[in-house]
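>>> Requesting a structural model of the entry that follows:
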Amino acid sequence: MAIRLDHLIVPSRNKVASAKFLAELLGVPWQESHGHFTPVYVNETLTLDFDDRADFERHHLCFHVGEREFDEIFGRIQAAQIPYRSTPRGETDMQINRRLGGKNVYWEDADGHVWEMLTVSYARPQSPSLVEAGRS
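Numbers count the residues shown, from 1 in each chain. I've put the predicted structure just below:
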């Protein structure tokens with residue numbers, strides 16, 4: 001079986017509001033309460049469990065999506081008038097970055113987490129050795 005990330009704890013000052021905000025942007029299901037957490041079901045294999053915390057570091061989380069999903073999510077970002085930018089840090093330029101022939105955009109939530117969405121991943125080259133390593 002391939003190794004997959006199953007869930008990630010996302011610290012928040014208001015786990016219900018933060019989970020609802022992200023789930024609505026992504027167009028995915030969520031639950032107000034599941035045990036101690038407020039989960040957002042990103043896909044069949046990844047859950048983001050929002051958890052109330054008083055103190056925490058801000059995180060950068062990125063979603064690799066298809067063109068159709070990008071356009072749908074981006075439309076919801078614009079409809080909600082959420083400030084966005086074309087770089088991870090810096091001023092809000094309300095631009096989409098089109099590096100590598102794809103699209104990516106960044107926004108922040110109320111907790112200061114930086115969220116990114118992209119259509120072409122730049123995190124890992126598609127080399128035969130990496131593909132083969134995933135098949136062992």
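>>> what about this structure, any weak spots by pLDDT?
Within the chain, the stretches with pLDDT under 70 are 125-136.
>>> Would you state the helices of it in chain order?
Using DSSP state H, the helices of the chain run over residues 15-26, 67-79, 128-133.
>>> how about TSV for those, with mean neighbour count added?
All C-beta atoms are positioned from the backbone trio N, CA, C, and that covers glycine. Output for those, formatted as TSV (neighbours: other C-beta atoms under 10 Å):
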stretch	mean neighbour count
helix 15-26	19
helix 67-79	14
helix 128-133	8
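>>> ok, now which ones touch residue 94?
83-85 (C-beta atoms under 8 Å, 6 or more residues apart in numbering).
>>> can you rerun that using 6 Å?
By C-beta atoms under 6 Å, 6 or more residues apart in numbering, residue 94 lies in contact with nothing.
>>> Would you list the phi and psi of it?
Dihedral pair for residue 94: phi 50, psi 40, per degrees, to the nearest 10.
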